[in-house]
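S.K.: What would the 3D arrangement of this be:
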Amino acid sequence: MRRLRKIKIVATLGPASSDTDTIRSLFDAGADVFRLNMSHGSHDEIAERHRIIRQIEEDTGRPIAILADLQGPKLRLGVFQNGEEEIEEGQSFRLDLDPAEGDATRVQLPHREIFEALEANATLLVNDGKIRLKVKECGDDFAECQVLVGGTISNRKGVNVPDVELPLAALSDKDRKDLDFVCQLGVDWLALSFVQRPRDVEEARDLCRGRAAILSKIEKPMAVRNFDAILAASDGIMVARGDLGVELPVQNVPPIQKRLIRQCRAAAKPVIVATQMLESMIESPMPTRAEVSDVANAIYEGADAVMLSAESAAGQYPVEAVATMNNVAIEVEGDPIYREVINASRGGSKQTVADAIVSAAREIAETTDITAICCFSQSGTTAALVARERPQVPIIALTPMMGTARRLSLTWGMHCVRTGEVSRFKEAVINAARAARTEGFAVETDQIVVTAGVPFGQSGTTNILRVAPCDERLIFPQDSE
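M.R.: Model prediction:
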């Protein structure tokens with residue numbers, strides 16, 4: 001099954017999309033990656049969804065990436081005696097550790113770590129920023145605040161603290177259990193919530209022990225400030241615009257999104273743009289024009305993937321949402337301006353042999369009659385470097401490692417094919433020619449570019465390029481290399 005666009009689509013599974021027929025329909029409509037949200041669903045439900053995806057993978061013969069998204073620590077208020085209260089702008093309101101039920105003047109905030117990190121004039125946001133508080137005075141067990149934006153405040157609403165780095169680990173006890181569970185299941189990517197610093201990523205990596213790639217969600221101002229180090233520590237990035245738009249002024253989010261995408265692309269690491277992309281399709285079969293433009297902008301920016309959350313997990317039109325995203329991507333990528341924008345945004349210095357090889361592969365493919373770039377990749381490094389170039393022609397990633405093929409399914413433009421082990425470059429070229437033909441990218445009269453690292457089996461050794469005919473009888477007519 002060949003996709004007609006380069007950007008990938010991530011679809012979240014949930015109550016509206018948990019049976020075999022719906023998940024298969026989502027795949028057929030265009031989903032390349034399935035997200036398992038660990039904030040919702042029991043381990044048994046998650047395991048069943050994982051089983052269904054792997055069955056679809058076997059039935060279709062196409063590698064499918066599975067992304068498990070950890071919940072992260074949740075900061076929430078305690079409870080009110082009346083369930084909710086009205087607080088007004090300008091009044092005082094106290095947060096403390098006292099477990100007594102709250103009223104219109106105070107409520108429990110059962111997180112000592114927050115009080116230890118707070119400073120005067122810090123901002124606290126309650127219920128996705130609908131309530132805004134400014135700290136006037138604080139101690140180890142309280143914060144006396146002034147209400148900047150009032151309204152209804154109620155039981156167990158979430159609290160955001162955008163101004164300070166909180167001394168909280170990105171992994172809660174629940175996350176640690178979930179992490180081990182999904183790694184044992186065999187997920188390909190692990191999305192890490194509440195990332196503030198690179199050591200959060202390193203802790204998750206230690207617990208993963210190589211069983212899954214780590215994708216850091218950028219959803220806090222501190223993560224934006226520490227982004228260079230977080231990117232270096234991560235295998236991929238998710239721009240989680242929902243929480244970013246709560247903790248930062250909303251007008252800051254679009255330029256941050258553009259900058260993070262550019263940096264991820266320069267680092268040859270996949271980046272997902274997420275949250276509220278087709279939000280209205282939770283209840284409507286048609287998106288708004290603004291939502292379509294939002295998806296299109298992420299595509300023009302060169303993101304590796306766009307993601308559906310509640311639209312596919314709990315909405316009334318999950319398959320239609322995926323199909324809409326697929327159609328928008330095909331239309332945008334067919335626009336001549338798209339290619340102009342992608343080419344203009346291609347940057348970064350080429351400092352290694354691998355950089356030079358993949359850059360040459362793209363230039364050869366775009367200036368001669370080449371139908372595809374075929375890259376042999378044990379770990380996925382060669383394929384990721386080719387994808388960074390954003391070539392016009394299709395990319396076929398050939399690997400003997402099923403885990404590598406699945407993980408690369410998140411990467412821009414990647415058509416992944418599992419192939420047998422090869423020990424000689426001649427075998428690699430012949431396998432590439434066969435794959436290009438059998439996967440529908442070429443016929444015998446076409447030519448392909450083949451890149452690989454020799455000796456085979458060693459990560460990061462991209463050092464060879466060949467232009468080859470797709471007729472394998474013409475590749476080595478004298479059986480010589």
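S.K.: where does the nearest residue to V393 once chain neighbours are set aside fall, helix, sheet strand or coil?
M.R.: Among residues not flanking V393 along the chain, A365 sits closest, at 4.6 Å (CB to CB, 6 or more residues apart in numbering). Yep, even glycine has a C-beta here, placed from its N, CA and C like the rest. Of the three states, A365 takes helix according to DSSP: H, G, I helix; E, B strand; the rest coil.
S.K.: was I right about A365 contacting I395?
M.R.: No: counting by CB atoms under 8 Å, A365 sits too far from I395 to count as a contact (9.5 Å).
S.K.: higher neighbour count, these two?
M.R.: Comparing A365 with I395 by other CB atoms under 10 Å, the one with more neighbours is I395, at 28 against 24.
S.K.: Need phi/psi at the more buried one.
M.R.: Dihedral pair for I395: phi -110, psi 130, per degrees, to the nearest 10.
S.K.: That one against M414, yeah?
M.R.: Yes: here I395 reaches M414: they are 5.6 Å apart, a contact under CB under 8 Å.
S.K.: which residues do these two both contact?
M.R.: A383, A387 (CB atoms under 8 Å, 6 or more residues apart in numbering).
S.K.: related to what we said a few turns ago, contacting residues around the residue nearest to V393?
M.R.: A372, I373, P391, Q392, V393, V449.
S.K.: which stretch of helix or strand covers the second one?
M.R.: Assignment of secondary structure by DSSP states H and E places I373 within strand 370-376.
S.K.: which secondary structure elements does that strand contact?
M.R.: helix 353-367, helix 381-388, strand 395-399, helix 425-438, strand 447-453 (3 or more CB pairs under 8 Å, 6 or more residues apart in numbering; DSSP states H and E).
S.K.: for these, which one sits closest to Q184?
M.R.: Closest approach to Q184 among the helices and strands packed on strand 370-376 is made by strand 395-399 (23.0 Å; CB to CB).
S.K.: just checking, next helix/strand downstream of that closest one?
M.R.: helix 402-408.
S.K.: For that next one, which outside residues touch it?
M.R.: Counting by CB under 8 Å, 6+ apart, 63-66, 188-189, 213, 235, 377-380, 383-384, 397, 399, 414, 416-418 sit against helix 402-408.
S.K.: Any of those residues buried? List them.
M.R.: The neighbour-count test (16 or more other CB atoms under 10 Å) marks 63-66, 188-189, 213, 235, 377-380, 383-384, 397, 399, 414, 416-418 as buried among these.
S.K.: Among those residues, name the ones in helices.
M.R.: A383, A384 (DSSP state H).
S.K.: What about the buried ones among the contacts of helix 402-408, which are in strands?
M.R.: Among the buried ones among the contacts of helix 402-408, the members found in strands (DSSP state E) are A65, I66, W189, A213, A397, T399, M414, C416, V417, R418.
S.K.: any chance of those residues in JSON lines, plus pLDDT and distance to K134?
M.R.: Formatted as JSON lines, these follow (pLDDT from 0 to 100; distance: CB to CB, whole Å):
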{"residue": "A65", "pLDDT": "98", "distance to K134": "43"}
{"residue": "I66", "pLDDT": "98", "distance to K134": "43"}
{"residue": "W189", "pLDDT": "98", "distance to K134": "39"}
{"residue": "A213", "pLDDT": "98", "distance to K134": "40"}
{"residue": "A397", "pLDDT": "97", "distance to K134": "51"}
{"residue": "T399", "pLDDT": "94", "distance to K134": "54"}
{"residue": "M414", "pLDDT": "97", "distance to K134": "47"}
{"residue": "C416", "pLDDT": "97", "distance to K134": "51"}
{"residue": "V417", "pLDDT": "96", "distance to K134": "57"}
{"residue": "R418", "pLDDT": "94", "distance to K134": "56"}
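S.K.: Nearest to F34 among these?
M.R.: Scanning these for proximity to F34, where the rule is CB to CB, the winner is I66, at 5.5 Å.
S.K.: Chain neighbours aside, what residue packs nearest to the closest one?
M.R.: Per CB to CB, 6+ apart, closest to I66 is V187, 4.6 Å.
S.K.: number of nearby residues for the nearest residue to R106 once chain neighbours are set aside?
M.R.: Spatial nearest neighbour of R106, chain neighbours left out: R94 (4.0 Å); criterion: CB to CB, 6+ apart. The tally of other residues near R94 (other CB under 10 Å) stands at 17.
S.K.: now do N127
M.R.: Counted by other CB under 10 Å, the residues lying close to N127 total 16.
S.K.: show me what contacts it?
M.R.: I153, S154, K157, G158.
S.K.: Drop anything exposed from the residues you listed.
M.R.: So, by 16+ other CB under 10 Å, the buried ones in those are I153, S154, K157.
S.K.: Sort out which of the residues you listed are in strands and list them.
M.R.: Residues of the buried ones among the contacts of N127 located in strands (DSSP E): I153, S154.
S.K.: pLDDT and distance to L231 for the buried ones among the contacts of N127 - can I get that in JSON lines?
M.R.: Formatted as JSON lines, the buried ones among the contacts of N127 follow (pLDDT from 0 to 100; distance: CB to CB, whole Å):
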{"residue": "I153", "pLDDT": "96", "distance to L231": "37"}
{"residue": "S154", "pLDDT": "96", "distance to L231": "38"}
{"residue": "K157", "pLDDT": "94", "distance to L231": "32"}
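S.K.: any chance of the buried ones among the contacts of N127 in TSV, with distance to R407 too?
M.R.: Below are the buried ones among the contacts of N127 laid out as TSV (distance: CB to CB, whole Å):
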residue	distance to R407
I153	43
S154	42
K157	37
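S.K.: which among the buried ones among the contacts of N127 gets closest to H40?
M.R.: K157 (18.2 Å).
S.K.: re earlier: any idea which of the helices and strands packed on strand 370-376 is most buried?
M.R.: strand 395-399 (a mean of 27; mean count of other CB atoms under 10 Å).
S.K.: and that one, what other elements does it pack with?
M.R.: Against strand 395-399 (3+ CB pairs under 8 Å, 6+ apart) you get strand 370-376, helix 381-388, helix 402-408, strand 414-418, helix 425-438.
S.K.: Alpha carbons only: can I get that strand in PDB?
M.R.: Taking Å, rounded to 0.1, in the frame of the first residue of the first chain, the C-alpha atoms of strand 395-399 are listed here in PDB:
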ATOM      1  CA  ILE A 395      12.200   7.300  -0.400                       C
ATOM      2  CA  ILE A 396      12.200   3.600   0.100                       C
ATOM      3  CA  ALA A 397      13.800   2.500   3.300                       C
ATOM      4  CA  LEU A 398      15.000  -1.100   3.200                       C
ATOM      5  CA  THR A 399      16.000  -2.800   6.500                       C
END
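S.K.: What distance do you get for I282 to A143?
M.R.: Look at I282 and A143: by CB to CB, to the nearest Å, they are 36 Å apart.
S.K.: who's more crowded, those two?
M.R.: A143 (23 against 20).
S.K.: what's the closest non-adjacent residue to that one?
M.R.: L95 (4.7 Å).
S.K.: May I have the secondary structure class of P285?
M.R.: P285 - assigned by three-state DSSP - is coil.
S.K.: what's the spacing between stretch 191-208 and its chain's center?
M.R.: Taking CA atoms, centre = their mean, to the nearest Å, one finds stretch 191-208 lying 15 Å from the centre of the chain it belongs to.
S.K.: just stretch 46-56 next, same as before
M.R.: Using CA atoms, centre = their mean, the offset of stretch 46-56 from its chain centre is 20 Å.
S.K.: do stretch 184-191 as well
M.R.: That offset, for stretch 184-191, works out to 13 Å (CA atoms, centre = their mean).
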